[in-house]
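Chemist: give me the fold of what follows.
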Amino acid sequence: MDYFATPQRSNPSLEPMVFGVDINKCTAWFAGTGDEPLNVTLLEDVAKFVAAALDLERWEPHSGIIGSRTSWNEIIRLGEKVRHQKFLVQRLTIDEMLATRSPNPVNLIDTLYPDSMVHFARGEVEYEPTLNQRFSEMKLTKIDEFIEKWWSNREGQVL
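Modeler: From the prediction side, this is the model:
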């Protein structure tokens, strides 16, 4: 979730990076229709849940935390609302996204974006919010709250 504040830095532990939707430049670039499910969680919320989980007597083989179950199209809609303008959206097919991969990647980042977008488009990044259920009293930041917080007073920002 933190990357949707880019170029602002919502967490000192994360470098700003555009991922899927650039609310600053009012653009989006991803694979699929944009309606595929997408789970996003604020890094600070992840840290709270991990800290709480350290006290569990037994850990399950898989654990999940979900701040918001959303989609690229929903994030675009929220961005357009706070920026008061339509976004330029590029929806690529999976094959088109795979074609953007660097043939000779120098580092992980060269393939991370297109590979991640393909996994999202295929619905391969779905998981259950097991820790949400285990710690139901803990509040999570929702994507609409996050975007409102970071963008409501920055209508024309482009850095």
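Chemist: for this structure, which spans come out with low pLDDT?
Modeler: The chain contains residues with pLDDT under 70 at 155-159.
Chemist: helices of that one, start to end?
Modeler: 43-53, 72-83, 94-98, 109-121, 130-134, 143-151 (DSSP state H).
Chemist: next, the angle helix 109-121 makes with the second one.
Modeler: The one in question is helix 72-83. Here helix 72-83 points in a direction 110 degrees away from that of helix 109-121 (axes from the mean of the first three to the mean of the last three CA atoms, to 10 degrees).
Chemist: which outside residues touch helix 72-83?
Modeler: If you take CB atoms under 8 Å, 6 or more residues apart in numbering as the criterion, helix 72-83 is touched by 4, 20-21, 23, 26, 28, 30, 32-36, 38, 86-87, 89, 120, 143-144, 147-148, 151-152, 155. Heads up, the C-betas are built off the backbone N, CA and C, glycines and all.
Chemist: likewise the fifth one?
Modeler: Around helix 130-134, the neighbours that count as contacts under CB under 8 Å, 6+ apart are 49, 52-53, 56, 60, 62-66, 138, 140.
Chemist: narrow these to those that are buried.
Modeler: Buried members of these, counted by 16 or more other CB atoms under 10 Å: 49, 53, 63-66, 140.
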